[in-house]
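all I have is the shape, not the residue letters:
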Ligand SMILES: NC(=O)c1ccc[n+]([C@@H]2O[C@H](COP(=O)([O-])OP(=O)(O)OC[C@H]3O[C@@H](n4cnc5c(N)ncnc54)[C@H](OP(=O)(O)O)[C@@H]3O)[C@@H](O)[C@H]2O)c1
């Protein structure tokens, strides 16, 4: 085993000035943990862009290696559940936040952050999903658990061209749902239609400022990835008994709503958290993502980048211009 490896490191060069550079590190610099993993692929998520640009709500101390996702092969383990040669996925928990993350040829993590790569899925495919795709899966799972079947009507997906949104559109279409995709990007209409969207809605149409407490009933369910006024508009537009999931906040952390969608239409709002999602509940969802839920067009929503190309992609995601998913080839 080599004792030196490369990673993409963020440093604070001057107060509030952050710089990303490929850096050589020694294996002993990795945090303590049970399992040393050689990383083949990582992926880029909105939270990585926050960590890489000095957001102290995500990462307290720099220098730091971001990357909330990693897929690779176990090299050493003191945890009896894992042995050298196992193909594994790590997403969420503290990876890439305050623990050195997946933009690196190696990580060392506790054994109870790890999921076995399911049969029928490659390491690269697992990172096509990454945290964004796993979160899309959790959102779809929440709709199903709450009785929202395809027969009930269309599902609206907000931030539809983003990482979580695009995978959600593709999974829902794969499962036979009609999907209404909300996006700011007119140029992405063909992309969203190819993923399976059946209706395209400009984001401006879902930022209702009329002050009405309810709007026309349009959707049986919602996968909301943006929060703010958009989620408030979605809640007012759900059918009687509709369910919305909520996972993100790029439109705002505020939710300017009233109680009326809940008490007049029996609407439900389901919170989604991929970070601390219990480890024992993860493998079954990864199995679904590897099999019945895997969209035929998954590859079409992915760009593959090397570690050196990640800094530019971070600017794209911070500007809200990201389309689909970025897989990072680490090796
Ligand atoms: N709860 C969890 O466990 C969890 C897990 C993963 C992600 N998240 C959160 O989910 C959100 C989306 O993550 P992501 O990885 O999909 O990010 P992303 O790839 O950057 O996608 C976000 C999409 O939202 C839309 N958007 C951007 N700025 C917006 C604005 N001001 N108002 C409304 N829509 C806007 C854009 O799509 P259009 O141009 O198509 O509208 C953009 O592509 C983030 O807030 C992230 O932190 C949460």
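Yep, it's here. Bear in mind the structure is a predicted one, so any value in this text is a computation, not a measurement.

mind checking what secondary structure the closest residue to the ligand within the stretch 201-331 of the chain has?
Using C-beta to the nearest ligand atom, residue 248 is the residue of the stretch 201-331 of the chain that sits closest to the ligand, at 2.4 Å. (C-beta placed from N, C-alpha, C; glycine too.) Each residue gets one of three states, and residue 248 gets coil by DSSP: H, G, I helix; E, B strand; the rest coil.

quick one, phi/psi of it?
Dihedral pair for residue 248: phi -140, psi 180, per degrees, to the nearest 10.

I figured it hits residue 228, correct?
No: Residue 248 is beyond contact range of residue 228, at 9.6 Å (criterion: C-beta atoms under 8 Å).

so between those two, which is more surrounded?
Taking residue 248 and residue 228 together and counting by other C-beta atoms under 10 Å, residue 248 has the greater number of neighbours (24 against 19).

and the gap between the more buried one and residue 10?
Taking C-beta to C-beta, to the nearest Å as the criterion, residue 248 is separated from residue 10 by 22 Å.

quick one: pLDDT of whichever residue of the stretch 51-200 of the chain sits closest to the ligand?
Sorted by distance to the ligand under C-beta to the nearest ligand atom, the residues of the stretch 51-200 of the chain start with residue 162, at 1.9 Å. If you check residue 162, the pLDDT there is 95.

what of residue 296?
According to the predicted model, the pLDDT of residue 296 comes to 89.

and what of the one 10 residues further on?
Residue 306 is assigned a pLDDT of 97 by the prediction.

for the residue nearest to it when sequence neighbours are not counted, give me its contacts.
Of all residues not flanking residue 306 in the chain, residue 329 sits nearest, at 5.5 Å (C-beta to C-beta, 6 or more residues apart in numbering). The contact partners of residue 329, by C-beta atoms under 8 Å, 6 or more residues apart in numbering, come to 40, 41, 304, 305, 306, 307.

what's the answer for residue 92, then?
With contact set as C-beta under 8 Å, 6+ apart, residue 92 has these partners: 68, 113, 131, 134, 274, 275, 276, 277.

now the residues you listed in JSON lines, with distance to the ligand, pLDDT and neighbour count?
Supplementary listing: these in JSON lines, determined by distance: C-beta to the nearest ligand atom, whole Å; pLDDT from 0 to 100; neighbours: other C-beta atoms under 10 Å:
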{"residue": "68", "distance to the ligand": "8", "pLDDT": "98", "neighbour count": "30"}
{"residue": "113", "distance to the ligand": "15", "pLDDT": "98", "neighbour count": "22"}
{"residue": "131", "distance to the ligand": "5", "pLDDT": "98", "neighbour count": "24"}
{"residue": "134", "distance to the ligand": "8", "pLDDT": "98", "neighbour count": "24"}
{"residue": "274", "distance to the ligand": "3", "pLDDT": "98", "neighbour count": "25"}
{"residue": "275", "distance to the ligand": "5", "pLDDT": "98", "neighbour count": "14"}
{"residue": "276", "distance to the ligand": "9", "pLDDT": "98", "neighbour count": "9"}
{"residue": "277", "distance to the ligand": "8", "pLDDT": "98", "neighbour count": "17"}
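
picking that back up, hang on, the residue of the stretch 51-200 of the chain closest to the ligand packs against residue 322?
Yes: in this structure residue 162 lies within contact range of residue 322 using C-beta under 8 Å: 5.9 Å.

who's more crowded, the two?
With neighbours defined as other C-beta under 10 Å, residue 162 and residue 322 compare such that residue 162 has more, 28 against 25.

and stretch 160-171, which residues are buried?
Using 16 or more other C-beta atoms under 10 Å as the test for burial, stretch 160-171 gives 160, 161, 162, 163, 164, 165, 166, 167, 168, 169, 170, 171.

now do the SS call for the last one.
When you say that, I think you mean residue 171. Three-state call for residue 171 (three-state DSSP): helix.

that one reaches residue 137, doesn't it?
Yes: when contacts are counted by C-beta under 8 Å, residue 171 is listed as touching residue 137 (6.6 Å).

in the contacts of residue 329, find the pair that's most separated.
When the contacts of residue 329 are compared pair by pair using C-beta to C-beta, the farthest-apart members prove to be 40 and 305, with a separation of 14.0 Å.

which one of those two has more residues nearby?
It is residue 40, of residue 40 and residue 305, that has more neighbours when counted by other C-beta under 10 Å, with 20 against 17.

biggest helix in the protein, by residue count?
Across the chain, the longest stretch assigned as helix under DSSP state H is helix 123-145.

run the chain-centre distance for that one.
Using C-alpha atoms, centre = their mean, to the nearest Å, the distance from the centre of helix 123-145 to the centre of the chain it belongs to is 7 Å.

list, one by one, the residues from the chain near the ligand.
Taking C-beta under 6 Å from any ligand atom as the test, the list of the chain residues beside the ligand reads 45-47, 131-132, 135, 159-165, 183-185, 203, 225-226, 230, 247-251, 272-275, 317, 320, 322.

in strands, which of the residues you listed fall?
Helix and strand membership here follows DSSP state E; of the residues of the chain next to the ligand, those in strands are residue 183.
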